[in-house]
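Asker: coordinates only, sequence not included:
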């Protein structure tokens, strides 16, 4: 059973970074659950079943994040995920988040083309790209830099970004911190070329 | 608005369990932060009037952001606090100019009433500096269950010529508060203390 101890949300509006302010500020957000690590303090060979138990949490955090951002799912442009494992756990416990966190978020964003949005020709769905991630073992208040990429094409250079997420006092030794992040646009003054959003053509999650 | 805001960050921290016990209802604390340009960076100025006006603007903006993030009516707010971190091209007095003369009135409007002093903290700091924003009950400072603090921090602020301003609002006290003192149901809320 998943025991949720804390839920933490953060939203940030970035108006400029000392360059010309764009007409629409960049909005990025994170939703985080601090849960009890049922495997803390011992080596447990079989941990995989917890991935299924975490599915509802992935969906809940994704819905909560979209609500926190105050935007329609169709307005989300970038995403990422991460995990911080408390000191009595191992890095592998953080890997439990990949499937329920990543696919939970992609499901809510419509990777099976159920968002009701109007996809571009050739687009099989929304949220086609692999969800980038980081993980670490850390003490209370550890910060994690969670990577962000464009949700339909990982190579879109303007959307390669990262967001620092940190929950004061968490994780305790027997806790896990599971994180989802989303953004509504490119880096605030992106100007380094590469694949652009309007050039996405293969819809293979990369280009 | 004369405040030149580079960035706004709003966080909500909801605690559902503490020491293995369920917290019912969960405690919820919001902190809203703005990163603004410091108009007096790098020089000594006798009058800090512009920062006072910025404080007034941010009291309204950040107070409303907290209440909105908690999804509550203003009169459901229970405790509050404020803090500022001045980038290193400024001085501690710049934080005082933002926090003390005019920030309180619009903040109190955002949470309705607010008979009690708004507890505060300030420091000079660099990028990623954290500050613990003190929290106290908004109508009666002696409510012991609501003595608390919440950390405010932004990884890329304040730069040397910036000030990070934080306002915190809650709809609850500490989780599992049990050290006595003045209780929530005992307050009169008139003199700001009890």
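Answerer: Good, I have the coordinates. Source: prediction; values computed, not measured. Numbers count the residues shown, from 1 in each chain, chains lettered A, B, ... in the order given.
Asker: if I look at residue A:130, how far off is residue A:198?
Answerer: Applying Cβ to Cβ, to the nearest Å, the value for residue A:130 to residue A:198 is 21 Å. To be clear about C-beta, it is placed using only N, CA and C from the backbone, and glycine gets the same treatment.
Asker: over to residue B:9?
Answerer: In terms of Cβ to Cβ, residue B:9 sits 30 Å off from residue A:198.
Asker: give me the more crowded residue out of these two.
Answerer: residue B:9 (24 against 8; other Cβ atoms under 10 Å in any protein chain shown).
Asker: return the list of strands paired to the helix or strand that contains the more buried one, each annotated with direction.
Answerer: Using DSSP states H and E, residue B:9 sits within strand B:5-18. Strand B:5-18 sits in its sheet next to strand A:4-14 (antiparallel), strand B:21-37 (antiparallel), going by DSSP bridges.
Asker: in the shortest one, what counts as buried?
Answerer: Within strand A:4-14, the residues that count as buried by 16 or more other Cβ atoms under 10 Å in any protein chain shown are A:4-14.
Asker: tell me the one among the residues you listed nearest to residue A:142.
Answerer: Minimum distance to residue A:142 across these is 13.3 Å, recorded for residue A:8 (Cβ to Cβ).
Asker: bridging residues for that closest one?
Answerer: Here residue A:8, judged by DSSP bridges, has bridge partners residue A:32, residue B:13.
Asker: relative to the whole chain's centre, how far out is stretch A:150-170?
Answerer: 7 Å (Cα atoms, centre = their mean, to the nearest Å).
Asker: again, but for stretch A:130-150
Answerer: Remark: stretch A:130-150 is offset 9 Å from the chain centroid, using Cα atoms, centre = their mean.
Asker: likewise for stretch B:58-70?
Answerer: 10 Å.
Asker: check which element follows the helix ranked longest in chain B along the chain.
Answerer: For chain B, the longest helix by residue count, based on DSSP state H, is helix B:49-70. Sequence order places strand B:79-86 as the next helix or strand after helix B:49-70, per DSSP H and E.
Asker: sort out which residues of whatever helix or strand comes next after that following strand are buried, please.
Answerer: Using DSSP H and E, the helix or strand that follows strand B:79-86 towards the C-terminus is helix B:92-99. Under the neighbour-count criterion of 16+ other Cβ under 10 Å, helix B:92-99 has B:94-99 buried.
Asker: what's the most distant pair in those?
Answerer: Largest pairwise distance in the buried residues of helix B:92-99, by Cβ to Cβ, is 9.7 Å, between B:94 and B:99.
Asker: need the residues touching each of those two.
Answerer: residue B:84 (Cβ atoms under 8 Å, 6 or more residues apart in numbering or on different chains).
Asker: run the chain-centre distance for the longest helix that chain A contains.
Answerer: Counting residues, the longest helix found in chain A (DSSP H) is helix A:55-69. Centroid separation for helix A:55-69 versus its chain: 10 Å, with Cα atoms, centre = their mean.
Asker: okay then, goodbye and thanks.
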